[in-house]
Each structure stands twice: as structure tokens, then as C-alpha cells.
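>>> one predicted model, sequence on top.
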Amino acid sequence: MDEKQYAVFCRKGSDVDELIECAASPGMQKTKTAFQVEKVVVLSDAEYAAFRKEGFMQDQTFLFENRYYMWFDPSETCWHCLLIKGEHSREGILVEAEGYSYARYAAHVPDCSLVRVGAVPVQFEYPVKPPHKKKEAPER
């Protein structure tokens, strides 16, 4: 298995600023917990901006639909979570909803490119479309 990745998960944070503040508070760095991304959910940039600002405590269909991708494994002290990101955003949010449809536990990821996701499924929320592979011009 890959080397573990760690983040500070905050319970019932209301927005990204609160997650950042929670993670930076004295003592919270000691609570860094292992996590494993089970699925990536890509929102439109506008939907992601709304989610990161005010959507953590609101019911989110994409969290409910993906509830089976999220759980906490006490034997390994590891969060199995979703990585929520915007179509063009560098940052993201790790979410473990505990079966709820809101972000019950969440952690801020400043740079998603540093998160190892392996071959996990990626869900593109409408209107986001998966990137198209460029067709190669036929040889003549």
C-alpha cells in the first residue's frame, strides 16, 4: 500500500476559512489523521466556490449519492473520503460525511496535485464534462 497521507479533519466546519483556522490552531496539528481518497468529485468552478464558502452544512446531492465511498476505519485510524474540487481549482476539500448529506468531517487541501488518488473513480458533476482526449490526425 502507498505511504499514508495525513490531514487535519474538522468536525462540522462551516467553510474553508474555518477549516484552515481549525487546522492551524495550537494542538490540532497533533490530530493529523491518515486519509485515503476513494473518489474525486469535480464541481463547476461556480458550484465549488459556493460549496467552499457556504455549502459545508447544507445538504449536497453529490455527498449523499457517494455516501458508500466515505467511512472511518478505526483499526487503521484512517478517513476514507471524497476529494471535492473545482474544475480549474488547485485546492480541494476532503469530506467524510458519516452517511449524512453534508460535510460532517472535512479537511482543506491547498494543492490537490500533492494528493495521491491512484486509480479512484472521478465523478464530473453537471455541467462539468470529462476532459476530451485530443484525436490524433490520421497519417497520410
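It's in.

>>> for the rest of this, base every contact and every neighbour count on C-alpha atoms.
OK.

>>> pairing-wise in the sheet, spell out the partners of the residue nearest the centre of the chain.
Centroid-nearest residue in the chain: Leu83, 2.0 Å away (criterion: CA atoms, centre = their mean). With DSSP bridges applied, Leu83 shows beta-bridge pairing to Val40, Leu94.

>>> and the gap between it and Val95?
In this view, Leu83 and Val95 are 7 Å apart by CA to CA, to the nearest Å.

>>> how about Asn66?
Asn66 sits 11 Å away from Val95, going by CA to CA.

>>> these two: which is more packed in?
Per other CA atoms under 10 Å, whichever of Asn66 and Val95 has more neighbours is Val95, with 26 against 19.

>>> how near is that one to Pro131?
Using CA to CA, Val95 is found at 24 Å from Pro131.

>>> in which helix or strand would I find His108?
Per DSSP states H and E: His108 is located in strand 105-109.

>>> from the chain's centre, how far out does that strand sit?
Chain-centre distance of strand 105-109: 7 Å, with CA atoms, centre = their mean, to the nearest Å.

>>> what's the average pLDDT for it?
Average pLDDT, strand 105-109: 95.

>>> neighbouring contacts of it?
7-13, 16, 19-20, 91-98 (CA atoms under 8 Å, 6 or more residues apart in numbering).
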